[in-house]
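Engineer: what follows is a protein structure lacking sequence information:
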């Protein structure tokens with residue numbers, strides 16, 4: 001497939017993305033997983049065959065979804081899946097001359113992570129006016145949706161509370177749903193971006209060297225943006241909700257930076273493998289641990305934790 005025409009690669013990637021996107025209609029657990037990897041074919045095309053193939057794939061997928069599910073579905077795929085995947089693939093291959101003629105400076109991995117976080121918040125924020133023009137209307141529409149889903153044929157779903165407790169549960173779900181969507185989009189996009197890089201590297205289509213992920217850095221302005229979003233989350237109305245979205249997705253980005261710090265600072269420890277296993281296991285079992293990882297990421301920007309406490313650098317890749 002290394003000699004496949006660019007148009008064919010983009011066409012196939014777009015068709016695969018459209019099929020993965022449409023699989024969510026079945027409602028099964030597997031279908032939800034397939035839905036979240038819908039950007040993967042476009043990312044692979046964009047990184048392995050340059051961003052032109054990714055753009056063709058994004059357009060082809062939008063047309064396919066639009067034909068099958070109507071123009072609204074095609075537009076939704078383009079905005080939420082196709083164009084973000086193309087943009088990240090485009091950024092991943094951006095490069096400029098380095099300090100010497102033989103060096104190339106590639107787009108930093110840390111900035112790709114920040115882009116994914118910002119896009120994740122923007123997409124959910126852009127969808128809010130489609131549901132309601134005020135915070136009360138937005139959450140009221142979500143609670144009405146929960147009532148339709150969980151109270152079928154006028155009967156309450158067994159296992160759920162009733163009365164005031166049920167109303168409070170729906171209030172909590174309405175408050176958390178947009179935040180969870182933004183978080184899941186950010187995490188799944190970063191996973192898809194990493195997987196696309198591994199696939200293209202394994203097939204020798206990756207033109208940039210594989211980056212040292214534990215060495216990724218964020219600009220200092222990222223911490224200012226995070227604190228601004230945290231403060232903005234106390235604002236009333238939709239402004240506070242939008243700020244919460246950015247605070248959540250940026251927290252994901254800083255948690256990844258915190259993981260990078262742990263990878264570097266444990267290099268010289270004999271129990272490094274056990275420590276890393278424990279950290280990742282805790283993160284899966286108790287996701288709130290990400291708050292402490294984000295704080296570690298913020299500390300890295302402020303005082304340079306890796307530089308102060310990091311072990312020796314890894315051996316050069318062959």
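Structural biologist: Received the coordinates, thanks. Note that the coordinates shown come from a computational prediction; the quantities given were computed from them, not determined experimentally.

Engineer: excluding its backbone neighbours, what's nearest residue 293?
Structural biologist: Leaving aside its sequence neighbours, residue 293 sits nearest to residue 258 (CB to CB, 6 or more residues apart in numbering; 3.3 Å). Using the backbone N, CA and C atoms, a C-beta is placed for each residue, glycine as well.

Engineer: let me know the helix or strand that the one you found is in.
Structural biologist: helix 237-265 (DSSP states H and E).

Engineer: tell me what the very next helix or strand once past that helix is packed against?
Structural biologist: Where DSSP H and E defines the elements, the next helix or strand beyond helix 237-265 is helix 272-285. If you count contacts as 3 or more CB pairs under 8 Å, 6 or more residues apart in numbering; DSSP states H and E, helix 272-285 packs onto helix 237-265.

Engineer: show me which residues of the helix it packs on are buried.
Structural biologist: Using 16 or more other CB atoms under 10 Å as the burial criterion, the residues of helix 237-265 that qualify are 238, 241-265.

Engineer: all strands of the stretch 1-150 of the chain, in order?
Structural biologist: Remark: strands assigned in the stretch 1-150 of the chain by DSSP state E, counting those that start in this stretch are 95-97, 104-106.

Engineer: tabulate the ones you listed in JSON lines, adding columns for mean neighbour count and mean pLDDT.
Structural biologist: Output for those, formatted as JSON lines (neighbours: other CB atoms under 10 Å; pLDDT from 0 to 100):
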{"stretch": "strand 95-97", "mean neighbour count": "10", "mean pLDDT": "87"}
{"stretch": "strand 104-106", "mean neighbour count": "13", "mean pLDDT": "90"}
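
Engineer: could I get these as TSV with distance to residue 44?
Structural biologist: Output for the strands of the stretch 1-150 of the chain, formatted as TSV (distance: least, CB to CB, whole Å):
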stretch	distance to residue 44
strand 95-97	19
strand 104-106	18
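
Engineer: quick revisit: shouldn't the residue nearest to residue 293 be in contact with residue 294?
Structural biologist: Yes: the criterion here is CB atoms under 8 Å, and residue 258 meets it with residue 294 at 6.0 Å.

Engineer: give me the residues contacting stretch 60-71.
Structural biologist: Residues outside stretch 60-71 that contact it (CB atoms under 8 Å, 6 or more residues apart in numbering): 10-11, 13-15, 17-18, 21-22, 38, 42, 73-78, 81-82.

Engineer: circling back: which helices and strands sit right next to the helix holding residue 258?
Structural biologist: Packing partners of helix 237-265 (3+ CB pairs under 8 Å, 6+ apart): helix 109-131, helix 135-150, helix 163-202, helix 220-232, helix 272-285, helix 290-303, helix 305-309.

Engineer: just name the most buried of the ones you listed.
Structural biologist: When these are scored by mean count of other CB atoms under 10 Å, the highest mean neighbour count falls to helix 109-131 (a mean of 20).

Engineer: that one packs against which elements?
Structural biologist: For helix 109-131, the packing partners by 3+ CB pairs under 8 Å, 6+ apart are helix 83-92, helix 135-150, helix 163-202, helix 237-265.

Engineer: which one of these lies closest to residue 218?
Structural biologist: Nearest of the helices and strands packed on helix 109-131 to residue 218, taken as CB to CB: helix 237-265 at 6.0 Å.

Engineer: now for the closest residue in space to residue 54 that isn't next to it in sequence: which residues touch it?
Structural biologist: The shortest distance from residue 54 to any residue other than its chain neighbours is 2.5 Å, reached at residue 46 (CB to CB, 6+ apart). By CB under 8 Å, 6+ apart, the contact list for residue 46 reads 53-55, 57, 85-86, 88-90, 92-93, 196.
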